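Novice: any chance you can model this:
(12 chains)
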There are 12 protein chains.
Amino acid sequence: MRVLVLDGPNLNLLGTREPGRYGTRTLAEIRSDLERLGADLGVDLTFVQSSAEGDLVDAVQAASGSVDGVLANPAAYTHTSIALRDAFLATGLPFVEVHLSNVHGREPFRRRSLLADVAVGVVAGFGPDSYLLGLRGLVAHLEASGR
Amino acid sequence: MRVLVLDGPNLNLLGTREPGRYGTRTLAEIRSDLERLGADLGVDLTFVQSSAEGDLVDAVQAASGSVDGVLANPAAYTHTSIALRDAFLATGLPFVEVHLSNVHGREPFRRRSLLADVAVGVVAGFGPDSYLLGLRGLVAHLEASGR
Amino acid sequence: MRVLVLDGPNLNLLGTREPGRYGTRTLAEIRSDLERLGADLGVDLTFVQSSAEGDLVDAVQAASGSVDGVLANPAAYTHTSIALRDAFLATGLPFVEVHLSNVHGREPFRRRSLLADVAVGVVAGFGPDSYLLGLRGLVAHLEASGR
Amino acid sequence: MRVLVLDGPNLNLLGTREPGRYGTRTLAEIRSDLERLGADLGVDLTFVQSSAEGDLVDAVQAASGSVDGVLANPAAYTHTSIALRDAFLATGLPFVEVHLSNVHGREPFRRRSLLADVAVGVVAGFGPDSYLLGLRGLVAHLEASGR
Amino acid sequence: MRVLVLDGPNLNLLGTREPGRYGTRTLAEIRSDLERLGADLGVDLTFVQSSAEGDLVDAVQAASGSVDGVLANPAAYTHTSIALRDAFLATGLPFVEVHLSNVHGREPFRRRSLLADVAVGVVAGFGPDSYLLGLRGLVAHLEASGR
Amino acid sequence: MRVLVLDGPNLNLLGTREPGRYGTRTLAEIRSDLERLGADLGVDLTFVQSSAEGDLVDAVQAASGSVDGVLANPAAYTHTSIALRDAFLATGLPFVEVHLSNVHGREPFRRRSLLADVAVGVVAGFGPDSYLLGLRGLVAHLEASGR
Amino acid sequence: MRVLVLDGPNLNLLGTREPGRYGTRTLAEIRSDLERLGADLGVDLTFVQSSAEGDLVDAVQAASGSVDGVLANPAAYTHTSIALRDAFLATGLPFVEVHLSNVHGREPFRRRSLLADVAVGVVAGFGPDSYLLGLRGLVAHLEASGR
Amino acid sequence: MRVLVLDGPNLNLLGTREPGRYGTRTLAEIRSDLERLGADLGVDLTFVQSSAEGDLVDAVQAASGSVDGVLANPAAYTHTSIALRDAFLATGLPFVEVHLSNVHGREPFRRRSLLADVAVGVVAGFGPDSYLLGLRGLVAHLEASGR
Amino acid sequence: MRVLVLDGPNLNLLGTREPGRYGTRTLAEIRSDLERLGADLGVDLTFVQSSAEGDLVDAVQAASGSVDGVLANPAAYTHTSIALRDAFLATGLPFVEVHLSNVHGREPFRRRSLLADVAVGVVAGFGPDSYLLGLRGLVAHLEASGR
Amino acid sequence: MRVLVLDGPNLNLLGTREPGRYGTRTLAEIRSDLERLGADLGVDLTFVQSSAEGDLVDAVQAASGSVDGVLANPAAYTHTSIALRDAFLATGLPFVEVHLSNVHGREPFRRRSLLADVAVGVVAGFGPDSYLLGLRGLVAHLEASGR
Amino acid sequence: MRVLVLDGPNLNLLGTREPGRYGTRTLAEIRSDLERLGADLGVDLTFVQSSAEGDLVDAVQAASGSVDGVLANPAAYTHTSIALRDAFLATGLPFVEVHLSNVHGREPFRRRSLLADVAVGVVAGFGPDSYLLGLRGLVAHLEASGR
Amino acid sequence: MRVLVLDGPNLNLLGTREPGRYGTRTLAEIRSDLERLGADLGVDLTFVQSSAEGDLVDAVQAASGSVDGVLANPAAYTHTSIALRDAFLATGLPFVEVHLSNVHGREPFRRRSLLADVAVGVVAGFGPDSYLLGLRGLVAHLEASGR
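Specialist: As a prediction, this is how the structure comes out:
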C-alpha cells in the first residue's frame, strides 16, 4: 500500500513556528515517526510539502495512479482552496485531513474546511499525533474498501 | 489510567441504525474493540450510554475524580448541548470528541459543535475506528501532559 | 395497524395552558377522540407523553418493531431536538408531525422544525383536530405504502 | 357551507408532472375525491385553477361573500405572492393552505410561506390526501367558529 | 400635463378592506379627490387598477409617450416585482411611489421596495392623503425638470 | 395649530452642501416657504436646527405641550438615534419624517430609519418640496385626529 | 427540431429601452437573426413574449409535446418566478437561459436566478448575440442527448 | 409568599467549578443566604436543582398552584430550552432569571436567552449576590402586582 | 463610598413617559429612594442626567477619581454609544447597567448593549426597583473588591 | 485577431475527471475544436493551462499587448482569486468566462464568481461547447467594439 | 497650508487611559509633536477635541473655508456617526482618518468605519505616530491636488 | 536595520494599470523613493514582488532571521491568503500593511483583510506615499520595541 503525505504552507517551519501552539517537533521528525508507523502497517510513504497551492494540486494529480490514498495537512489552504478540493474529486483519491492544532478553537475563518466533506475523515488537535492517527485511519479505510 | 467512554442518544442502535451510514458493527462490539485496545495501552475503561442530556451531564460529573479523561461521542447533543459543554468545563476533564460518520458532509446543523473548541481533539468519519483512533489520541495526550 | 401517539413537554397541561391559544380540550379528551377515530380506521393506539427529550427518544426506539408509525407532537422539541430526529431516522419509523397552534404565526424560533423534512407530512393550526387529521393522513400513508 | 378550492400554477399538470414527487392522480380526480368528501360533509365546492397570480387574487376577491372559506394550494405563489396574502387579509376569508409534497424537505426557497401565518392551518406532504385532510380541517374550523 | 395613476392588487377593495388600517374611503372617492386636485394643478389624470403584475407592466409601457409621469401605488408588487421596476426603467417615465399605510411599521417583507430607489420620491402613511401629496410632489418635480 | 420644524445636523449648510444632491435652496428659504404655507393652512411654526443629538431630544421634550406635532428632518440621526425615537415615544408627539433626497437610492446604512415605524408618515425625495408636502400631510393628520 | 423562444417582460421594448445597456437592436430584428440561424441549424422556431408571469407559464405548458426545447430570456422573472421554474420542471422541457446584459455586474437581486440550476446552461452579457449563442448551445445539447 | 428556587445543570458543582469565574461559594451556602433573606422578606423557599431539562420542566409544572413565583438560574438551558420557556408560559408563573457570571461578556451563544423576554426581569454578573438581588426583585414585583 | 448615578436621554420624563411601560414614578422620586437606600448602605450619591451622549461621556470622565463606581441607566445610548463604553474603559470605573423595562422583550435593536460586557452586571425589568437592586449589587461588588 | 485561451487547475484532467459531470472529451480535443473554429473565424489562438494562481496572473499580464482578448475557464479560481480579477482589470483585456458544468446547480461556493461582473459575458453548462460558444461571443464582441 | 486636527471622545484622557493599549503619551504631547512636524512641513495647525458628536460636526463646518484639510481621530464616532460623515461630505473638506490602536484586531464593531470610504486615506496602529504619518500623508495629498 | 518590501500580484504593472486609480508612478520609481527614504532612516531594503501566493509565503520565511520587519502590499492576497497570515505568525516578523488605493471605498470583498489584525499597523489611500508612510511607521515601531 502506498500513501502520499501532503503538507501545505508553513509546515516546513514546524518546531520553530509558534511552538506554544504547534509543539517543538519538526516536520522531519514527524516524517520519521510516520515512516516507522508506515513500516509497521506495511505502507510505503512519499512526502510533498509546498507553500504553493498549485504545487499541491499538481502533487495530487501526479500521485493519482501511483498511490492508494493521501494523508493531507493542507494548513491554510484547507480554508481557501477549491482547487485542491477539485484535485481530490478529479482523481478520486481517498484522503484524510489532519490538523496539528484544534482548528475549532481558533479564528472563525479556520472553522470552515473546503475539503472535509469530501474526505474520508478528519483528525484534529493531537499535535504530531494527528498524523499518526490519520495514517492509521486511512490505512484501515483502504483495507476495508479493498484497495 | 482510567477513561470514561460516553455515548449519546441512539448509539445503542448501532449495527441496525442506517447501516449504510453507520456500518453494521454494534455498540457492544465497538466496546470490545476498545477494551482490547485499552488493555494494550494500559487503560481501564468504563462505559455510559444514554438518550438523556441530563444523564450525560451527570455521568461527566460523576466521573470527575475517578477517571483521567473522557472519550465522548455525544451524537445529536454535540450540536445542541451547552449543558454538556459546561459539564466538561466545570470538571476540567480532558476529552476527545469522536464521530462515526463524517459530520462535515451532512446537514448544516451538524457542522456546528458546541464541544469541539474545548476538546483536546476531534476524530470523525472513520466509522468504529473513530473510537479507536480517539482513544489512542486521548491516551497520548494524557501521557504527554503528565496525567 | 398500530400507531404510537407521542406528546412532548407541557402537553399534559392542555386545557389549562394558555387556553386562548391551545383551547380548553385536555390531553385525555384528545386521546379519547383519537381512540374513537382509531377504532373507525382499524388502528390500535398507544400513548406516551413526557417532558424529557431522552424519554421521547427512548419511546421511539422502544416502539420500533411493535408499531407501524408514529403520530408525534414533539412541542418545544420540534425546534431543538436533533436526538429525536435521529431516533426517527435510526428506527426508520414513518411519522407525522402535528401542532395544535399555527406555528408559522408565532416566534421565529418556532418556524424551524428539525423533524419536518424527514416526516411523512405536517399538520398545524387546527387545534385538537390536528391530531385527528394527522392520524388520518398517517393511516392513509401506511396503507398506500403497503405496511 | 360553501368552499372555494383554489389551485395555483402547474397544478393542472398533476398526474404527468414529476410523478415521482407528485403522484399519478390528476387534478380532475382530486376534485372528484373532494366533491365526494364535500357531499359527506355537506359542503358545496367551486374550483379555480390558474397560472396567473392576478387571477388567483381576483378569484379570492370574487369569492368573498359567496363562500365561507377557501382551500388553497397556491403552489409556487405560496413563496412569492404578497398580493395573494393581501387578498386573503382584505376579504377576511378563512383559508387552509395545502401542499402535495413535503415542502420542508425541498429547496430552501420553498420553506418560506407568505401565507401560512395568516392561514387557519397548514397540511403538507400527504399527496392528494392533503386536500382531503385540509377540507376536513377547514370545515371543522368553520363549524367551530359558527360560520 | 398628463399623469397616469396606477393602482396594484386589492386596492379596488379600499373602503371595505381592513378599514382599521386603510380607512373607509373607496378607490373611486380617492380618484375623485385626485381629479379635483388635478384640475387645480392643471393635470389630466388617467387611471388603471389591476391585480395582475403583467397588466401593470403593460400599463406603464402603454402610457409611455402619452403621459408625463406616473403616480403609483403598486401595493404588494412594491416588494416583489422586478418586472415593474424594469418597466419604469425601460420607459424612463418619472414616477412617485405612494402607500396608504406606513409600511415601515409592518411585516419585514414590506420594508423592502424594489421601486423606491428609482422613483422620484416616496410618500407613505397618510392614508388617502398620500395620493394627494404624491401628486403634488410629482407635478412639482415635472415642472422643475421642465417636462 | 402649532408645529415644530426640527432639522438635524448639516442642514444649516443647505444650498452649499453637495448642491448636485440637495439643491441650491438654503434652509432660510425653505423656512420662508414653510411659513407661507403655514399661514395658508393656519399653522404657527417654530424652528430648531442643531448638529447635536441631545439638542434635538431636548427640543422635542420642550415642545411637548406647546405644539401639536413635529415636522422632522433628522438627517443623519434618522439612522442612528434611538434617543430621538424615545423622545417622540415619551412625549407622544405626532411627527412626520421628511428627507430632501431619496434615501432609498443611497448607501445601505441610510435605508434603515429608527423613526419611521413610529412616525405618522414619511416623505422623501422631493427636495425642498418634501417639507411642504410633509407639512400638508401632518396638518391633515392632526385635523383628522381632532387635535 | 423545434424550439420555443420565450421572452419575458419589457423585452418588447428592446431597441428603445436603455439602449446604453441593452443595445439598439429590436426584438423583431433579434427574431430575424434567430430564424436565419435556425434555418442553418435545421430548427423551426416559435416565439412568445409577454409581461405576465402566468402567460409564460402557460406558454411553457402549451409547448410541451410540440417543441424539443426552449430558449428563454425570462428577464425580471428570472429572479422572482418559482412558477416558471416549476413549469420547466413539470414539463421536463430542456431550456437555456439567456440574458442580454451581464447580470453579474448589476443590482444584487439580479444575481440570483431561480431557473439557472435547472437549466441546461446559461449565456449572459453578449447583447443580442446571447440569443444566437444560446440557440447553438441548446441545439448541440438536444442533438447530443438524442432528441 | 412562596417562591421556588430553580437551578439548572452543573450548578451543583458551584464552589469547585471554574472558581475564577463562578466564585468559591457552594450552592448549599447560596441557599442558606437565600433562606436568611427569605426569612427577612417573609418568603418561604423551596429548592430544585437538576441536570435534566425535563426535570426542570416538571418542577415548574409541579410548583404551579403551590408557589407565587420562581427564581430561576437555568444555566445552559437558558440558551437552548424552548420547553422550559413553554412551561413558564403554560403555568403563568412569574419568574426572574438570574446568572452568576456576566453572560454578555462570554461566548456568543450565551448572549441569547430563550426565557428573558417572558421573565419579569433579569439579573446577571453579581456572583451569588445575583440570587439575592433577584429574590428581592421578584418579591417586590409579586407585592406590587398583588399576589 | 461614593457612587455616581448616571441617567441618559428622556429619563427626565419618567412618570409621564409611556406610563404603561415605565410606571408613574418620577426621576426625582427614584432619586429619593436611592438616597434613602444609600444612607442605609453608607453611600454618598451624586446625580447626572442628560440627553447628550457627550455630556454623559464628560460626566464619567469628571467622576473618575471622585467616585468609587457608577450606577448607569444609559437608556437609548446603551445600544448605540461606543463613546460611553470607551469612557468607562478609559477611566476604569466599575459600573452597573440598569433598565426600568425588560429590554429583552422589546424591539430587536434594544437587545444589543454596547456596555453590558464591560459592566460589573446588569439588572433589567423591575421598574424603579432596578435602580435599588443595581445599587445594592454595585455596593456589594465594591466592598468585595476592596474599594 | 488573437485570443489567449486560459485554463485553470485540474482542467488538464478533462476526459478522465468525473466524466459523468465533465464529459469524456480531453483538453487537447477541446483545443483542436477551438483551433478549427478559430480558423473559421480568423482568430489565432494560444493556450495556457496551469494549477497555479500566480501562473494564470502572469499569463494574463504577458498576453497584454499581444492578444485582443481572453477566453478563460479559471475553474476553481473563478470563486477565490481576486488576483486574477485584478490582472484582468490591470491589463484591461476583454475576456469571456466559460464553464463546462452548470455552476448554478452545484455547491453554494461555486455560485459566486469574482470575475463575472468584469467579464464581457459568461457561458456555462454546455460541456466542451461552452468554449466554442464563448469564443464566438468574444470574437463578436471584439469585432463590435472595433478591436 | 492650514489643517484642523480633530479629536473625538475620551482622547483627552490619553496617557492615563488604558496605557497598555494607548501608550503613556498625552494629547498635549502629541499636539506638540504635531506642531513641530507642522512647522517643518509649513503647515499651521488648529486643534479641537470634544466628547460630543455635535461639537465635532460643528467644528468641521466652522473649519470649512479656513482650513485646507482635516486630520481626524474620531475615536468611537468613527463607527457610529453618519452626522460626521455628512459634515465632511457637505463641506467637501479632504480629511485623513487616524487611529492610535490597530482597530482591526479589536471588537467587531470597531472594524466598520462610517468615514473611511470618503476619507483620503487611513492610518492605524502606530500609536502617537499615527498622527504624524497621517499629517504627512494629508499634506502630500493636498500638495498633489494643488490646494 | 533591514526591511523586506513585499509586493503582491499585479503591482509590477503599476504606472500602466488603471492609472486613474493607482497613479502613473511605476514600482521601480516607488522602490527608488523608498531607498532614498531608507537611506535617510538608516534602513537597508530588499525587494520581492510576485504573482504567486506561495512565493510570497516563501519570501517571508526566507527573510526570517535576516530582516527586522516587512513592509507589505499583498494586493489581492490581502483578502484571500491565510497562508501569508500564517507565514507572518510562524516567523513572528513584525510587518506593516500598505495599500495604494483606499480599499474601504471599493468592492465589499476588499474590505476584509486577513492580515490587518496581526499587523503592526495599516496605511491605505495615499498612493505611492502609502509606502513611504508605512516605512516610517515600521521603523518607528522597530526602534520603539528595541529591535
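Novice: when you work out contacts or count neighbours from here on, use the C-alpha atoms and nothing else.
Specialist: Noted.
Novice: output the set of residues of chain A in proximity to chain J.
Specialist: Applying CA under 8 Å from any CA of the partner chain, we find that chain A lies next to chain J at A:52-55, A:57-58, A:61, A:80-83, A:86-87, A:89-91.
Novice: closest to chain L out of those residues?
Specialist: The nearest member of those to chain L, counting by CA to the nearest CA, is A:Ala52 at 3.9 Å.
Novice: and the nearest residue in space to that closest one that is not next to it in sequence, what helix or strand is that in?
Specialist: The shortest distance from A:Ala52 to any non-neighbouring residue, by CA to CA, 6 or more residues apart in numbering or on different chains, is to L:Gly54 (3.9 Å). Assigned by DSSP states H and E, L:Gly54 belongs to helix L:53-63.
Novice: who touches that helix?
Specialist: The list of residues contacting helix L:53-63 from outside it, by CA atoms under 8 Å, 6 or more residues apart in numbering or on different chains, reads A:9-10, A:50-53, J:53-54, L:4, L:6, L:8, L:48-50, L:77, L:81, L:83-84, L:87-88, L:91.
Novice: ok, now with 7 Å
Specialist: Here helix L:53-63 makes contact (CA atoms under 7 Å, 6 or more residues apart in numbering or on different chains) with A:51-53, J:54, L:50, L:83-84, L:87-88, L:91.
Novice: what bits of chain A have low per-residue confidence?
Specialist: Scanning chain A for pLDDT under 70 picks out A:147.
Novice: from the residues of chain A next to chain J, which would you call buried?
Specialist: Buried by 16 or more other CA atoms under 10 Å in any protein chain shown: A:52-55, A:57-58, A:61, A:80-83, A:86-87, A:89-91, out of the residues of chain A next to chain J.
Novice: ok, these vs chain K, which is closest?
Specialist: A:Thr80 (20.8 Å).
Novice: got a list of what the residue lying closest to A:Ser101 once chain neighbours are set aside touches?
Specialist: Nearest non-adjacent residue to A:Ser101, counting by CA to CA, 6+ apart: A:Gly125, 4.3 Å away. Contacts for A:Gly125 (CA under 7 Å, 6+ apart) come out as A:99-102, B:120-122.
Novice: 10 Å instead?
Specialist: A:Gly125 makes contact with A:22, A:98-105, B:96, B:116-117, B:119-123, B:137, B:141, according to CA atoms under 10 Å, 6 or more residues apart in numbering or on different chains.
Novice: put the buried members of these into a ChimeraX selection.
Specialist: The ChimeraX selection below is limited to those of these classed as buried (16+ other CA under 10 Å):
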select /A:22,98,99,100,101,102,103,104,105 /B:96,116,117,119,120,121,122,123,137,141
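Novice: narrow the contacts of A:Gly125 to those in helices?
Specialist: The helices, defined by DSSP state H, take in A:22, B:137, B:141 from the contacts of A:Gly125.
Novice: just put these in TSV and tack on distance to chain K.
Specialist: What follows is the ones in helices among the contacts of A:Gly125, written out as TSV (distance: CA to the nearest CA, whole Å):
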residue	distance to chain K
A:Tyr22	22
B:Gly137	34
B:His141	32
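Novice: would JSON lines of these with distance to L:Gly69 be doable?
Specialist: Below are the ones in helices among the contacts of A:Gly125 laid out as JSON lines (distance: CA to CA, whole Å):
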{"residue": "A:Tyr22", "distance to L:Gly69": "23"}
{"residue": "B:Gly137", "distance to L:Gly69": "39"}
{"residue": "B:His141", "distance to L:Gly69": "36"}
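Novice: now, among the residues you listed, which is nearest to chain C?
Specialist: Of all the ones in helices among the contacts of A:Gly125, B:Gly137 has the smallest distance to chain C: 26.9 Å, by CA to the nearest CA.
Novice: that closest one and A:Phe126 touch, don't they?
Specialist: Yes. Contact criterion CA atoms under 10 Å: B:Gly137 and A:Phe126 qualify, at 6.3 Å.
Novice: contacting residues around A:Arg111?
Specialist: For A:Arg111, the contacting residues are A:78-79, A:102-105, B:111-112, B:117, by CA under 10 Å, 6+ apart.
Novice: cool, A:Gly8 as well?
Specialist: By CA under 10 Å, 6+ apart, the contact set of A:Gly8 is A:48-53, A:55-56, A:72-78, L:54, L:83.
Novice: buried ones among the residues you listed?
Specialist: Buried subset of those (neighbour count, 16+ other CA under 10 Å): A:49-53, A:55-56, A:72-78, L:54, L:83.
Novice: quick check: closest non-adjacent residue to the residue in chain A that chain C sits nearest to.
Specialist: In chain A, no residue comes nearer to chain C than A:Asp117, which is 19.9 Å away by CA to the nearest CA. Counting by CA to CA, 6+ apart, A:Asp117 lies nearest to B:Gly105, which is 4.1 Å off, once chain neighbours are set aside.
Novice: redo the contacts of A:Arg111 as a markdown table? Include distance to F:Glu18.
Specialist: Below are the contacts of A:Arg111 laid out as a markdown table (distance: CA to CA, whole Å):
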| residue | distance to F:Glu18 |
| --- | --- |
| A:Thr78 | 48 |
| A:His79 | 44 |
| A:Asn102 | 53 |
| A:Val103 | 50 |
| A:His104 | 49 |
| A:Gly105 | 49 |
| B:Arg111 | 50 |
| B:Arg112 | 49 |
| B:Asp117 | 51 |
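Novice: residue ranges of the helices in chain A, please?
Specialist: Ranges of helices within chain A are A:19-22, A:27-41, A:53-63, A:82-91, A:129-144, based on DSSP H.
Novice: just give the number of residues close to A:Glu107.
Specialist: The number of residues packed near A:Glu107 is 8, by other CA atoms under 10 Å in any protein chain shown.
Novice: one more: A:Gly65?
Specialist: Neighbours of A:Gly65 (other CA under 10 Å): 10.
Novice: thinking it is in contact with A:Thr91, fair?
Specialist: Yes. Using CA under 10 Å, A:Gly65 is in contact with A:Thr91, at 8.7 Å.
Novice: between B:Gly137 and A:Phe126, which contacts overlap?
Specialist: A:132-133, B:96, B:120-123.
Novice: many thanks, we can stop here.
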